[in-house]
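K.L.:
predicted model and sequence follow; I will ask about them next.
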Amino acid sequence: MKFSLKTVLVAAAATALMTTSALAVNLTGAGSSAIFPVLQVWAQQYQQQTGTQINYQPIGSGGGIKQIESKTVAFGATDKPLMHDEIAKNNLMQFPQVIISIVPVVHLPGIKPGQMVLNGDVLSKIYMGQIKKWNDPALKALNPNVNLPNMAILTVHRSDGSGTTFNFTNYLGKVNAEWQSKIGSDTAVSWPGGVGGKGNAGVAAQVAQLVGSIGYVEYAYAKQSNLVWTDMINSAGKRVQPTLAAFQAAAANADYAKSQDFYLVLTNQPGDASWPITATTWVLLRTDTAKATNESAVKFFDWALKHGQAAAEKLDYVPLPDVVVKQIEAAWASQLKVTP
């Protein structure tokens, strides 16, 4: 029987496709909505290259922690690091994946991005309900050349368990002792007022809809939703804009090598150029899951750490430096017995 070259090539292509499909892996994950914009891009690129499909649900850090602890996903993602006791009790390991940034966003008539500036004290008093109007003297003192309206302030916060909320409230607690004593810092707190939105996307949608509102979101959501972000006064007393350079300046203070389980909170970092509400997104894996599952997950996250930097920077996330990537790889080898 004779076969044409075309028939042979078609058959070979079909065989290759079947082999790729047979070897393809599906990974499930859940958690942080802050990392979702870049994780979505990474997942698309990685699937194109490897056939592995990443199914990720941005349900908030609190939900991601619960999902990985209950063994319903292959990985979780959280913007709130877990303490060692919780990690050990639940047979987990955590490692940083990317540096994120959180920005205040407002919806006010005639106000453009970067036109307003806030500091931590004023921001905390807005969310405590102590500053109720946009033309309050404290806001006018910060913004003497801005036409602030005589309008009530409506605060928007996360309604779900959120690492974005953890870092936002952690920052407010660092700059205002009254906030720390009365409200504190966690993935969910008892807000004095305002309305809630689910996920970063939910907060962005509420602010976009409600005139007179203020919210806090990961910067990628502010950009994608064309929201009006504010400048901030940082710990050095300098006015800074939410830029990749400002996020990198804050991230430069990160020293994961000196922290157990990579535990590190980056809010209110020193430096003239540092953005004050900078944070980390961590990935959570189980040490007691099937080795093949962890191998697939590690391959994906290692690929993202080494080959996803351009996509991260395009969305104004800060990639981790090579020295930290090597620390993460060492942790995978020692805690999971897995190498990428």
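P.N.:
Okay, I see it.
K.L.:
send me stretch 178-193 as PDB with only the CA atoms.
P.N.:
Only the C-alpha atoms of stretch 178-193 are listed here, as PDB (Å, rounded to 0.1, in the frame of the first residue of the first chain):
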ATOM      1  CA  GLU A 178      -6.700  54.500  66.500                       C
ATOM      2  CA  TRP A 179      -7.400  52.400  63.400                       C
ATOM      3  CA  GLN A 180      -5.200  49.600  64.700                       C
ATOM      4  CA  SER A 181      -6.900  49.500  68.100                       C
ATOM      5  CA  LYS A 182     -10.500  49.800  66.900                       C
ATOM      6  CA  ILE A 183     -10.600  48.000  63.600                       C
ATOM      7  CA  GLY A 184      -7.300  46.200  63.100                       C
ATOM      8  CA  SER A 185      -6.000  44.300  60.100                       C
ATOM      9  CA  ASP A 186      -7.200  41.100  58.500                       C
ATOM     10  CA  THR A 187      -8.700  39.700  55.300                       C
ATOM     11  CA  ALA A 188     -12.100  40.800  56.700                       C
ATOM     12  CA  VAL A 189     -12.800  43.600  59.200                       C
ATOM     13  CA  SER A 190     -15.800  45.300  60.700                       C
ATOM     14  CA  TRP A 191     -16.100  48.300  58.500                       C
ATOM     15  CA  PRO A 192     -17.600  51.400  60.100                       C
ATOM     16  CA  GLY A 193     -19.800  52.000  57.000                       C
END
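K.L.:
now stretch 252-265 - C-alpha only, CSV.
P.N.:
Taking Å, rounded to 0.1, in the frame of the first residue of the first chain, the C-alpha atoms of stretch 252-265 are listed here in CSV:
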residue,chain,number,x,y,z
ALA,A,252,13.5,46.7,46.8
ASN,A,253,13.2,46.6,50.6
ALA,A,254,12.0,43.0,50.5
ASP,A,255,14.4,40.4,52.1
TYR,A,256,12.6,37.1,52.0
ALA,A,257,15.8,35.2,53.0
LYS,A,258,15.5,36.4,56.6
SER,A,259,11.8,35.4,57.0
GLN,A,260,10.4,32.0,57.8
ASP,A,261,8.1,30.7,55.1
PHE,A,262,8.8,33.8,53.1
TYR,A,263,6.6,35.8,55.5
LEU,A,264,6.9,39.5,54.7
VAL,A,265,4.6,42.5,54.7
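K.L.:
next up, phi/psi of the closest residue to Ile59 other than its chain neighbours, please.
P.N.:
Spatially, and ignoring its direct neighbours in sequence, Ile59 is nearest to Ala30 (5.3 Å; CB to CB, 6 or more residues apart in numbering). All C-beta spots, glycine's among them, are computed from the backbone N, C-alpha and C. Here is the backbone geometry of Ala30 (degrees, to the nearest 10): phi -160, psi 160.
K.L.:
for Ala30, which residues count as its bridge partners?
P.N.:
Gln57, Gly76 (DSSP bridges).
K.L.:
model confidence over stretch 128-136, on average?
P.N.:
Stretch 128-136 shows a mean pLDDT of 98.
K.L.:
first to last residue in it, what's the distance?
P.N.:
14 Å (CA to CA, to the nearest Å).
K.L.:
one more: stretch 127-146?
P.N.:
End-to-end span of stretch 127-146 (CA to CA): 21 Å.
K.L.:
what about the residue nearest to Ile59, distance to Val73?
P.N.:
5 Å (CB to CB, to the nearest Å).
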